[in-house]
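In: next one to model:
(2 chains)
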Amino acid sequence: MFHVIARRSAPVTRLLLAPRGAVLVESVRGRKSRGDPVAKSKEGRIKVPPPVDPKEMVVLKERFTEYQLILRALRLEFKEEVLRKKFEEETGSLAEERARQDAEEHRTLMLWNQEENLRLLKARVLRIQKEEEEAQRTKMEAVMKLELQQDEFIKQKEQQVLQLQEEAKNFITMENLDQRIEEALDHPKNYNFAVDREGRVVRQTVVQ
Amino acid sequence: MPRYELALILKAMQRPETAAALRRTVETLMERGAVVRDLENLGERLLPYKMTKHNQRHSRGSYFLVDFYAAPSILNGLLDHLHRDVDVVRPTVLKKDEQVSTSTTTCCGAPQSKNKSSIFK
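Out: Below is the predicted model of the structure:
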């Protein structure tokens, strides 16, 4: 049944099924190095393995094989279950349904999005058009206002020039200089005046 | 051209001499390119304080106002000339501001009074 495991899940499967408790240990010599002589207390020592009872050994071995067989079978059963669940999730019958529904939903949502975009585009176009018209109108108004102001200014200046021309008739020239001097000496002007709190104005003053 | 006002205090003299001094002054102005607009006489009166000028002590003087249009560059020379004139007690050139609009509306202030005496107009 597992011949059809997907290509991509091979390394994942290996991680799932790695044996537990495999530890790497480095060999370490104790205090003495390789060439050091053996200690005096250990001179005639012969290393002997622990004694073993054959009958006990046989029984133990049988029991152990049975036990390990059972445990191994259980482990393999559990691993199989895990792999099957994973397989079902990825390529089972329900997975296809779900994938199809997701695609369907995605398609409908994309369509809706497109419609929304169109709607907003239309609204935006209208809005921009209106704003352009507004801007155009305000610009025209500003231009007209400027023109009006310029006309006003010109009119004002013209009026000032005319007034000055009128007043120029009364200026003093070489010809009427003597006459004006005589006139000025004959008519002294008095600009002094007094005012009181009620607003009454007095122009008649004492001439010293 | 900007508009100036020459407030001139002349020595208290007889009429022909005053006329001559005025004529001299106006001619100087016109020589320097000014356009004289008007000449006013404020009368001969007691000076507010005694002024010493050209080794003379003056207690009376005649006040004249000349308003004219001139370039600002002539003013220094003009004042120099007037200071040197023996008949002139004090020349003062002032700039004339634009007239405030003389409308009939009064500024906010005292209300109009009801009783009218002879000296009040």
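In: and residue 31, how many residues sit next to it?
Out: Just going to use chain A. Residue crowding around residue A:31 was assessed by other CB atoms under 10 Å in any protein chain shown; the count is 5. Every residue, glycine included, has its C-beta placed from N, CA and C.
In: hmm, I had chain B in mind actually
Out: Using other CB under 10 Å: residue B:31 sits among 11 other residues.
In: tell me the helix or strand right after the longest strand seen in chain B.
Out: Longest strand in chain B by number of residues (criterion: DSSP state E): strand B:35-53. Scanning forward in sequence from strand B:35-53, with DSSP states H and E defining helices and strands, the next element found is strand B:56-69.
In: against residue B:69, how distant is residue A:178?
Out: When distances are taken as CB to CB, to the nearest Å, residue A:178 and residue B:69 turn out to be 21 Å apart.
In: now do the strands in chain A.
Out: For chain A, applying DSSP E gives strands covering A:194-195, A:201-202.
In: among those, which is nearest chain B?
Out: Ranking the strands of chain A by their distance to chain B (criterion: CB to the nearest CB) puts strand A:201-202 first, at 5.3 Å.
In: what mean pLDDT does that closest one get?
Out: For strand A:201-202, the mean per-residue pLDDT is 88.
In: quick one: list the elements packing against that strand.
Out: Under the contact definition 3 or more CB pairs under 8 Å, 6 or more residues apart in numbering or on different chains; DSSP states H and E, strand A:201-202 sits against strand A:194-195.
In: any idea of the mean pLDDT in the strand it packs on?
Out: For strand A:194-195, mean pLDDT rounds to 90.
In: same check, this time on stretch B:20-34
Out: Averaged over stretch B:20-34, pLDDT sits at 92.
In: and if you look at stretch A:94-102?
Out: For stretch A:94-102, the mean per-residue pLDDT is 86.
In: for chain B, what's the longest helix?
Out: When secondary structure is assigned using DSSP state H, the longest helix within chain B turns out to be helix B:15-31.
In: and that one, what does it pack onto?
Out: Counting contacts by 3+ CB pairs under 8 Å, 6+ apart, the secondary-structure elements packed against helix B:15-31 are helix A:177-186, strand B:3-11, strand B:35-53, strand B:56-69, helix B:75-84.
In: most tightly surrounded among these?
Out: strand B:3-11 (a mean of 20; mean count of other CB atoms under 10 Å in any protein chain shown).
In: sheet partners, orientation included, of that one?
Out: Strand B:3-11 has these partner strands in its sheet, going by DSSP bridges: strand B:56-69 (antiparallel), strand B:88-95 (antiparallel).
In: turn these into JSON lines, columns for mean pLDDT.
Out: Formatted as JSON lines, the entries for these read as follows, by pLDDT from 0 to 100:
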{"stretch": "strand B:56-69", "mean pLDDT": "93"}
{"stretch": "strand B:88-95", "mean pLDDT": "94"}
